[in-house]
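>>> Next one to model:
(chains A, B and C)
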Amino acid sequence: MAFGKGNHLHLIDGSAFIFRAYHALPPLTRKSDGLPVGAVAGFCNLLWGELTHARKEAPTHIAVIFDAGSKTFRNEIYPAYKANRPELPEDLRPQFAFTRAATRAFNVPCIEVEGYEADDIIATLSRRATEAGGTVTIISSDKDLMQLVGDGVDMLDPMKNKRIGLDEVFEKFGVAPNRVVDVQSLAGDSVDNVPGAPGIGLKTAALLIQEYGDLDTLLARAGEIKQPKRREALVENAEQIRISRRLVQLEANMPLEVALDTLELKDPEPEVVMGFLNEMEFRTLTKRVAERLKIEAPTLEEAKGMHVQGAHEAAPVAVQLPFDHGAYECIRDMAALERWIARIDAVGHVAVDTETTSLDEMRAELVGISLCVDAGKAAYIPLGHKQGGGDLFGSTALVESQIELEAALAALKPVLEDPSVLKIGQNMKYDWKIFARHGVRISPFDDTMLMSYAMHAGLNGHGMDALSEQYLGHPPIPIKSLLGSGKSQITFDRVAIDDAVKYAAEDADVTLRLWELFKPQLHRAQVTTVYETLERPLVPVLAEMEMAGIEVDKAVLSRMSNAFAQKLAQYEDEIQEIAGEKFNVGSPKQLGEVLFDRMGVPGGEKGKTGAYATGADILEDITTLEDSQPKAARLAAKVLDWRQISKLKSTYTDALQEAINPETGRVHTSYSIAGANTGRLASTDPNLQNIPVRTEEGRRIREAFVAPKGKVLVSLDYSQIELRILAHVADIPALQQAFRDGIDIHAMTASEMFNVPLDQMTSDIRRKAKAINFGVIYGISGFGLARNLRIPRAEAQGFIDRYFERFPGIKEYMAETVKFAQANGFVQTLFGRKIHTPEINAKGPGAGFAKRAAINAPIQGTAADVIRRAMIRMPAAIADLPARMLLQVHDELLFEVEAGAEPALIAAAKATMEGANLPAVDLKVPLTVEAGTGRNWAEAH
DNA sequence: GCTCTCACG
DNA sequence: GACGTACGTGAGAGCA
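Numbering: from 1, shown residues only, chains lettered A, B, ... in the order given. Just a heads-up that it's a prediction; the model follows:
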């Protein structure tokens, strides 16, 4: 059938896929011979994703388009075109041929034409397809293709899974797609070496085209332009601009002997695609494709016809079985449970997962346990399922034929605590706590979430659904499908047991399969030590801290809430009085309209949603307008006060009261180990790492965090740990010496930079130096420092230049770190933790973010590693003391200790913290810890 | 569910 | 000279 109406053609920009794959992945090589295959692997994954992605408009036709070589007809027009492209990485070039082979192996047509760019082919095919009455989606984010959008053609950014239509093109270029070429011709392109008009950027080009309609008109009337610079740029470079147009205009009429109907979407031939994937030795993808095609994956050995070396290799390589929910067992009696326990003992490992009534482990009730020993064979033990249905009062009757909870736990306890049986979990801290509340302490264990985190921090999330989808190609049953959502949501104990079996057993099955996949990868990624010393041992430590919780005095919070409520009401009256109208003070949108539209404050800036920005810094600027805008200045000041109190009330004094556990009378946070990419912990439900401290009023909230009677709180915090680490990694002798001498580091920096002797230091100079010291840790920029210090940008840049002059090692460190990230796709802490930086080689503003993050990550991450090591050693260090560790706030540990024992605790904990880097890493600066004690957190800190 | 704002290190 | 800018988090409120 001929291509025509109703047909939808996907054109994949193959070259972009290759580069994206190359930069996003670590440099993988084929195991048998070391051939670099990282980009091929990534390419195959992306292509497979495109072929299987469940999108609304599935294509009927598809092709992957490549560049044939570097020379095209454009080089004859302009020899310098694309001449400043960096050399291809050595390990990428040999992979090109394989990406073509991969495309064909997936049974997708693969098109390239000598002398033309992939973009021209895409333009030509798009034109033919739309002329034939069909529609086209171009899978690419390349701005050079945006000129093709419209009239049945759109684009899809595969990275962000975002459609690029008329609106997005307009957003990018400021003109409609049919004028994009005009804008590009004027603005030029430094990446492709398109000259354009000197001094004209995208913004100006868009303005000019908007005003004159199109490029020819603009060039003809260039003499009328008012701004002399622009006028000259256009008049004097008219020819260069016309050449630029020929470079950026895609050739939609090139000779191309491809009939559209030959691009029809076809299933891959199983033998062909399996043969290719096996040859490449892509195990995971082989399994995923096999599962999808409903065939058995051949083993690596069979496919390669390799010599079988021994009995172990002769066994099939973990053939990915399809997920079969019907095959899961429901364990209803002790005899069945005993059979499972015997099997676990024999194998030596088991994946375990618990089902409960709540995500809050301290309130959750155990409903069931799932187990998996072999992939595909999993079981669920229902223990606490209750009768569902129409009982208005919530029936508490247990469903029949469930093993009694205590009996099941008693039977499982020996296995779960058996040192020779490895328990495998996904986010084991959760299950660990559930079991601990029933007197079972799981040990030893592995955690697939933490394995993923150790290997891939910065690349993807580490939740089970994401991991299963990504690595097993299998989306697990969504919990929502069992529990519903919103008001009608039920708890797991009301789920029908038949449904629960499928869901719960699948979780254990997925976890086991992930573990089988990750275990060997951990070693290859060289993060086994990180996983075994920084991630896994933290689980029981954090679990104990979370279960301990911290006592919070509800009465104190309640009193504060009431006082705040009164203040807020008063502020609201005053604010509306000044404004002369009633409005919602808590609505930034309404506030912006009041200030900038009705009161006429100049300089309001609207964000992308069209609302005025009204952040604290902007309101503070308005408060200084006492002369020109006295009313607005008063209003802004009041709103700032209102905001502060409102924040304290809603986020802290109100929410914390709710967070007090009625059974323990304490607040139990939850730490996510794999939340922050740098290795930091994150505290949630509630977040106890952002309790106010910077303002006097806020700090009083800490008075509600108290020690029980007869005990006191002790806070120990690392002094300037990130700056010390910077001094070490960037190797700055002057800073190292200052830390060894124990002098004020910010004052010392100021003295060096501004040539002021230490004894004549002013607080203002010191403040500036402090801002610069922190700025360096964050990947400083003149703009950022200027904004932070509220000084002119040139002055800020001057400070930075002087800083780099005095401490040249810092600049070198920053450059080297960025270079390392660009070459490797990740950066590392002193303890070997890897933080991936997939955006580091992107073009556009994303790269700027990625660079600063890359500079910061080793510093922040090393500090995080240090305190993790201290925490892991802490239970042993204070085992003999009547004390326990309660909270961690990045560089601070908070303890509860019996009154009188605080000197002993401080001595032990301080020594543990100050020596936490040893023996793994010897620092050229000392780590020092400061201690405080008190009845509440405000006093102790 | 997204955006804005703001609390912490 | 264009671009957009400090790093890392979590939570509550408004709004569509």
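>>> Now for residue A:720, how many residues are close by?
18 (other Cβ atoms under 10 Å). Every C-beta, even on glycine, is put in place using the N, C-alpha and C of the backbone.
>>> give me every residue that touches it.
Residue A:720 makes contact with A:739, A:745 under the criterion Cβ atoms under 8 Å, 6 or more residues apart in numbering.
>>> And it, its phi and psi?
Residue A:720 has phi and psi values of phi 50, psi 40 when expressed as degrees, to the nearest 10.
>>> pLDDT at residue A:659, what is it?
For residue A:659, the pLDDT comes out at 96.
>>> Oh, that last question was meant for residue A:663, not what I typed.
95.
>>> what about it, which helix or strand?
Under the criterion DSSP states H and E, no helix or strand holds residue A:663.
>>> give the contact list for it.
residue A:362.
>>> how close does it sit to DNA strand B?
28 Å (Cβ to the nearest atom of the strand, to the nearest Å).
>>> now do residue A:272
Taken as Cβ to the nearest atom of the strand, the span from residue A:272 to DNA strand B is 39 Å.
>>> So that residue, which state does it fall into?
helix (DSSP: H, G, I helix; E, B strand; the rest coil).
>>> Dihedrals phi and psi, the residue nearest to it when sequence neighbours are not counted?
Sequence neighbours aside, residue A:105 is the residue nearest to residue A:272 in space, at 5.5 Å (criterion: Cβ to Cβ, 6 or more residues apart in numbering). Taking degrees, to the nearest 10, you get phi -60, psi -30 for the backbone angles of residue A:105.
>>> just checking, residue A:105 touches residue A:279?
No - checked against Cβ atoms under 8 Å, the pair residue A:105 and residue A:279 is beyond contact range at 9.2 Å.
>>> Output the lowest mean pLDDT helix or strand found in chain A.
The helix or strand of chain A with the poorest confidence is helix A:311-314; it has a mean of 29 (mean pLDDT, DSSP states H and E).
>>> Now do residue A:382, the pLDDT please.
We have a pLDDT of 98 for residue A:382.
>>> who does it bridge with?
When bridges are called by DSSP bridges, residue A:382 pairs up with residue A:368.
>>> how about it, what does it touch?
Shown in contact with residue A:382 (Cβ under 8 Å, 6+ apart): A:330-332, A:367-368, A:399, A:402-403, A:497, A:500-501.
>>> how close does it get to residue A:246?
72 Å (Cβ to Cβ, to the nearest Å).
>>> which parts of the stretch 151-300 of chain A sit against DNA strand C?
Proximity of the stretch 151-300 of chain A to DNA strand C (Cβ under 7 Å from any atom of the strand) is limited to residues A:190, A:199, A:201-204.
>>> Tell me the buried residues within the residues you listed.
For those, a burial check counting by 16 or more other Cβ atoms under 10 Å picks out A:202, A:204.
>>> now the residues of the stretch 151-300 of chain A next to DNA strand C as TSV including distance to residue A:452, pLDDT and secondary structure?
Putting those into TSV (distance: Cβ to Cβ, whole Å; pLDDT from 0 to 100; DSSP: H, G, I helix; E, B strand; the rest coil) gives the following:
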residue	distance to residue A:452	pLDDT	secondary structure
A:190	38	78	coil
A:199	49	83	coil
A:201	42	84	coil
A:202	40	84	helix
A:203	42	83	helix
A:204	47	85	helix
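>>> Switch the residues of the stretch 151-300 of chain A next to DNA strand C over to JSON lines; also include distance to residue A:685.
Formatted as JSON lines, these follow (distance: Cβ to Cβ, whole Å):
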{"residue": "A:190", "distance to residue A:685": "48"}
{"residue": "A:199", "distance to residue A:685": "54"}
{"residue": "A:201", "distance to residue A:685": "47"}
{"residue": "A:202", "distance to residue A:685": "44"}
{"residue": "A:203", "distance to residue A:685": "45"}
{"residue": "A:204", "distance to residue A:685": "50"}
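>>> Put together TSV for the residues of the stretch 151-300 of chain A next to DNA strand C, with distance to DNA strand B on each row.
Output for these, formatted as TSV (distance: Cβ to the nearest atom of the strand, whole Å):
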residue	distance to DNA strand B
A:190	29
A:199	31
A:201	24
A:202	22
A:203	20
A:204	25
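>>> Let me know the closest of the residues of the stretch 151-300 of chain A next to DNA strand C to DNA strand C.
residue A:201 (2.5 Å; Cβ to the nearest atom of the strand).
>>> quick one: residue A:81 and residue A:112, what's the gap?
18 Å.
>>> Those two: which is more packed in?
Ranked by neighbour count (other Cβ under 10 Å), residue A:81 and residue A:112 place residue A:81 first, with 23 against 17.
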